[in-house]
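sequence plus predicted model, see below.
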Amino acid sequence: MIVKTFGSAIHGVNALTITIEVNVSTRGNKLFMVGLPDNAVKESERRIESAISYLGLRMPRTRTVVNMAPADIRKAGAAYDLPIAICILAAAGYIPHNELSSCLIMGELSLDGTVLPLKGVLSMTLQGVAEGFSAFILPLSNAPEASLVNQLPILGVQSLKEAIQHFQKTTRIQPYHSPSQFNSTSAIKEQLDFLDVKGQSATKRALEIAAAGGHNAILIGPPGAGKTMLARRLPTILPPLTLQETLETTKIHSVAGKLQSTSALISQRPFRSPHHSISDTALVGGGGIPQPGEISLAHNGVLFLDELPEFKRKALEVLRQPLEERRVTISRARMAIDFPASFMLLASMNPCPCGYFGHPVRSCTCPPGQVQKYINRISGPLLDRIDLHVEVTPVTFSELSSRQLSDSSEVIRKRVMAAREIQANRYSRYEGIYCNAQLPVQFLKEMNQFDAQCLSMLSKAMERLQLSARAYDRILKVSRTIADLEGNETVLASHMAEAIQYRSLDRDIWKR
C-alpha cells in the first residue's frame, strides 16, 4: 500500500515542498530510504521505531520503501521523522490515510515519541499557504511562529501519540491562534536613548542623516569618545519595521535558529555586532549546508563592526558585493543560494594604533607613517562604499556636567520617519527602493533636483580630494537626504557642503 504526505526543505531562507511516499509490501523485511537523504534522515529509522514501540505499536516487518521527492534535492536534518512515522503507520493500517495528502507535516521525534522544535517554520508555513495545504502539523513550541501567517490552520502537537489520535479522530487537535497581533505603531520601551548622550551634537546629526537615508557610516575617534555608545543607539531612531519587513527578518532568524523561544515575532530592527575575530564565512554565510551569516541576520537593521581595522582583511573584503547588491550569493557545486542582506553598515575605529592622533589634549605616540598604515588596513574600495565618515571628538567636562537635555530618540525618530516618508513617495513607482541609499545610479539625477551651485561645489571637491565616481554618487545621495530632513524638494548648496564634509577619510590630514 502506498501512502503520501508532504514535508518541507529549507533552501536559503525559502522553503521547498517535499513529497514523502511510503510503500509497505508483503515481501522482504527491510526499510529502504531513497531521495538523497543525509545521515540524519537515514538515522530516523531508529528514532521512529523506538517512538512507535513506546506507544505499544509495531513497525512493519515487511519490505518498506520511503521515497522523498524531488530526488535531486538533498534532504537534511531530523525534521522528517514525524511525517515518515505517520506515513508508515498509515501504510501499516494503524491510521486512516485520506487526510494525509492535503497536510504539511514536520517534526523531529525523540525516542519516546515527543516532538521536538524545528528551524525555518515561518518559511515552511508561507510555502504551505502558497501550495494550498489544508493544515500544517508541527511541534507545539513552533506554533506561535507559524501562526503569524494567519492563512493556514496550525496544528501543534507535543507527541506522536497526539498526531495519531488526530488522524484517528479520537482527539482532534484544534488550530492554534496567536494571542498577539502585529502593530507597527506599538510603542516599544527602549533601554537606550539619545537623551542620555551628553554633547556629540555633530555625531548625532550624522547618525540622524544616516538613519534618514539608510546610509552606511563610520565613526573615527579616540578611545572613550563614545563611538560604541552612540552606535548602539542608532536602532532607536530608525523607523519601525513594517509587516513585510517583520516577516522577512523573522524568516531569516528562524532559518538560522536564532528566534527567542518567548517570542515568535521580531518587532525591532536587528542590531548585530560580531567580534573582530569573526571568519568571512560566519560574516557573509555559508557552510556545508549554507546558513545565513551576520550580514543576513542584520537584514532590515544595523551591522555594527567595532574597531574596523582589527577585522581580518579577507572578511571585510567580502562585504563589497553585499553592500552594493543588498544580497549575498553562496555558491556550491550543487546549488547557489541567495540570502537577503539589506543592512546599514555602521563601523567605528581609532584614528591610529595608539588612538590619539588629532586628540585636542593628548599627543599621538605613533611613529611616522603609522597613521596611514593603520588607515590602509581598510581598503579603498570598502571605504568608498561608506557614505559618511564622521570624526568623533572627546566630550569636555562642561558638556558632561551640563543639565541641558538633548533631543530624545523618539523626537529624532519622528524627523527620520518624516524624511523616509518623503523618499517612499518619491520612489513609489520603483519596486524595492524605499530610501535614498537604495537608489540605483541611473536614477540618481533623474529623481533628484540640484541647483547649479551644488554641482560646481562638488566639482571642486572632486578635484581637490580626488574622489572616485562612487564617492561622487554617495555625496549626491547624502545631500538628497539632508534636503529631505529639511523638507526641501531641491538640494541646496548648504546641503551639498554638509555632505562633502562627511568624506573626512579622503582628506590629506590622514596621510601621515
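It's in.

next one: residue 359 relative to residue 103, how far apart?
As for residue 359, its distance to residue 103 is 66 Å (criterion: Cβ to Cβ, to the nearest Å). All C-beta spots, glycine's among them, are computed from the backbone N, C-alpha and C.

over to residue 159?
From residue 159 to residue 103 the distance is 17 Å (Cβ to Cβ).

now residue 126
For residue 126, the distance to residue 103 - Cβ to Cβ - is 16 Å.

who's more crowded, those two?
residue 103 (22 against 19; other Cβ atoms under 10 Å).

so who does that one touch?
With contact taken as Cβ atoms under 8 Å, 6 or more residues apart in numbering, residue 103 is in contact with 5-6, 133-137.

secondary structure, pLDDT and neighbour count for the residues you listed - can I get that in TSV?
TSV is the format used below for the contacts of residue 103 (DSSP: H, G, I helix; E, B strand; the rest coil; pLDDT from 0 to 100; neighbours: other Cβ atoms under 10 Å):
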residue	secondary structure	pLDDT	neighbour count
5	strand	93	24
6	strand	95	20
133	coil	94	21
134	coil	93	12
135	strand	93	18
136	strand	95	29
137	strand	95	27
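
out of those residues, who's nearest residue 307?
residue 136 (44.8 Å; Cβ to Cβ).

what is the least confident helix or strand in this structure?
Using mean pLDDT, DSSP states H and E, the weakest-scoring helix or strand in the chain turns out to be strand 449-450, at a mean of 78.

counting contacts, what elements does the next helix or strand after it pack onto?
Per DSSP states H and E, the first helix or strand lying C-terminal to strand 449-450 is helix 452-465. Under the contact criterion of 3 or more Cβ pairs under 8 Å, 6 or more residues apart in numbering; DSSP states H and E, helix 452-465 touches helix 469-485, helix 493-500.

among those, which is the most enclosed?
Comparing the helices and strands packed on helix 452-465 by mean neighbour count (mean count of other Cβ atoms under 10 Å), helix 469-485 comes out on top with a mean of 22.

can you name every helix or strand that that one contacts?
Secondary elements touching helix 469-485 (3+ Cβ pairs under 8 Å, 6+ apart): helix 201-213, helix 380-384, helix 409-426, helix 452-465, strand 490-491, helix 493-500.

parallel or antiparallel, which strands does the shortest one pair with?
The reference is to strand 490-491. strand 449-450 (parallel) (DSSP bridges).

where are the low-confidence patches of the chain?
28, 179-190, 261-264, 333, 506-512 (pLDDT under 70).

how does it divide up, domain by domain?
Listed domain ranges for the chain are 2-168, 194-510 (source: automatic domain parsing).

dump the ones you listed into CSV; add distance to residue 178 as well.
Output for the domains of the chain, formatted as CSV (distance: least, Cβ to Cβ, whole Å):
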stretch, distance to residue 178
domain 2-168, 4
domain 194-510, 7
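
tell me the most buried of those?
On a mean-neighbour basis (criterion: mean count of other Cβ under 10 Å), the most buried of these is domain 2-168, at a mean of 19.

sorry, back to before: residue 267: which of the helices and strands packed on helix 469-485 is closest?
Closest among the helices and strands packed on helix 469-485, using Cβ to Cβ: helix 409-426, at 14.9 Å.

mind listing residues that contact the closest one?
190, 192-195, 204, 208, 211-213, 233, 236-239, 434-436, 447, 481, 484-485, 487.

tell me the angle of that helix relative to helix 469-485?
110 degrees (axes from the mean of the first three to the mean of the last three Cα atoms, to 10 degrees).

from now on call the first residue 33
Yes, from this point I'll number from 33; that puts the last item at helix 441-458.

could you give the angle of helix 441-458 to helix 233-245?
40 degrees.

just give me how far helix 441-458 sits from the chain centre.
22 Å (Cα atoms, centre = their mean, to the nearest Å).

for stretch 36-52, same thing?
22 Å.

what distance separates the start and the end of that stretch?
Terminal residues of stretch 36-52 are spaced 6 Å apart (Cα to Cα, to the nearest Å).

and stretch 468-479, by the same measure?
Rule used - Cα to Cα; the end-to-end distance of stretch 468-479 is 10 Å.

ok, residues contacting the least confident helix or strand of the chain?
508, 511, 521-523, 528.

ok, 7 Å please
Strand 481-482 is contacted from outside by 521-523, using Cβ atoms under 7 Å, 6 or more residues apart in numbering.

cool, and stretch 413-430?
Contacts of stretch 413-430 (Cβ under 7 Å, 6+ apart): 230-232, 235, 238, 241-242, 247-254, 256-259, 348-349, 351-352, 355-356, 377, 391-392, 469, 500, 502-503, 506, 509-510, 534-537.

just stretch 282-291 next, same as before
Residues from elsewhere that reach stretch 282-291 (Cβ under 7 Å, 6+ apart): 42, 45, 151-155, 177, 297-298, 323-324, 328-329, 331, 372.

the domains of the chain: which one's closest to residue 206?
Between the domains of the chain, domain 34-200 lies closest to residue 206; by Cβ to Cβ that is 7.9 Å.

from the chain's centroid, how far away is the closest one?
Worked out by Cα atoms, centre = their mean, domain 34-200 lies 29 Å from the chain centre.

what do you get for stretch 513-529?
Centroid displacement of stretch 513-529 relative to its chain, using Cα atoms, centre = their mean, is 31 Å.

ends of that stretch, what's the gap?
Terminal-residue distance, stretch 513-529 (Cα to Cα): 13 Å.

same check, this time on stretch 472-482
Terminal-residue distance, stretch 472-482 (Cα to Cα): 17 Å.

can you check stretch 354-362 too?
End to end - Cα to Cα - stretch 354-362 spans 11 Å.

what lies in contact with that stretch?
Contacts of stretch 354-362 (Cβ under 7 Å, 6+ apart): 248, 316-318, 322, 327-328, 353, 368-374, 377, 417.

one more time with 8 Å
44, 248, 316-318, 322, 325, 327-328, 353, 368-375, 377, 417, 470.

is it true that residue 148 touches residue 138?
No - with contact defined as Cβ atoms under 8 Å, residue 148 does not reach residue 138; the gap is 10.9 Å.

between those two, which contacts overlap?
Going by Cβ under 8 Å, 6+ apart, no residue sits against residue 148 while also sitting against residue 138.

circling back to that earlier point, now the helices and strands packed on helix 484-497 in CSV, with distance to residue 292?
Putting these into CSV (distance: least, Cβ to Cβ, whole Å) gives the following:
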stretch, distance to residue 292
helix 501-517, 33
helix 525-532, 39
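
for residue 438, which of the ones you listed is the nearest?
Using Cβ to Cβ, the nearest of those to residue 438 is helix 501-517, at 16.7 Å.

so that closest one versus helix 525-532, what angle?
Using the same axes, to 10 degrees: helix 501-517 against helix 525-532 is 130 degrees.

what lies in contact with stretch 84-101?
Under Cβ under 8 Å, 6+ apart, the answer for stretch 84-101 is 39, 50-69, 73, 80-81, 107, 112, 116-117, 119-121, 123-124, 126, 143-145, 192-193, 196.

who's in contact with the spatially closest residue to residue 232 that is not a sequence neighbour?
Nearest in space to residue 232, with sequence neighbours left out and distances taken as Cβ to Cβ, 6 or more residues apart in numbering, is residue 258 at 5.9 Å. Residues near residue 258 by Cβ under 8 Å, 6+ apart: 229, 232, 235, 424, 427.

measure residue 258 to residue 228 for me?
Taken as Cβ to Cβ, the span from residue 258 to residue 228 is 11 Å.

equivalent analysis for residue 277, please.
Residue 277 is 27 Å from residue 228, by Cβ to Cβ.

which non-adjacent residue is nearest residue 74?
residue 65 (5.8 Å).

same check, this time on residue 262
residue 235 (5.7 Å).

for the one you found, give me its contacts.
Here residue 235 is in contact with 251, 258, 262, 422, 424 (criterion: Cβ under 8 Å, 6+ apart).

beta partners for the first one?
Using DSSP bridges, the beta-bridge partners of residue 251 come out as residue 380, residue 422.

right, I'll call it a day here.
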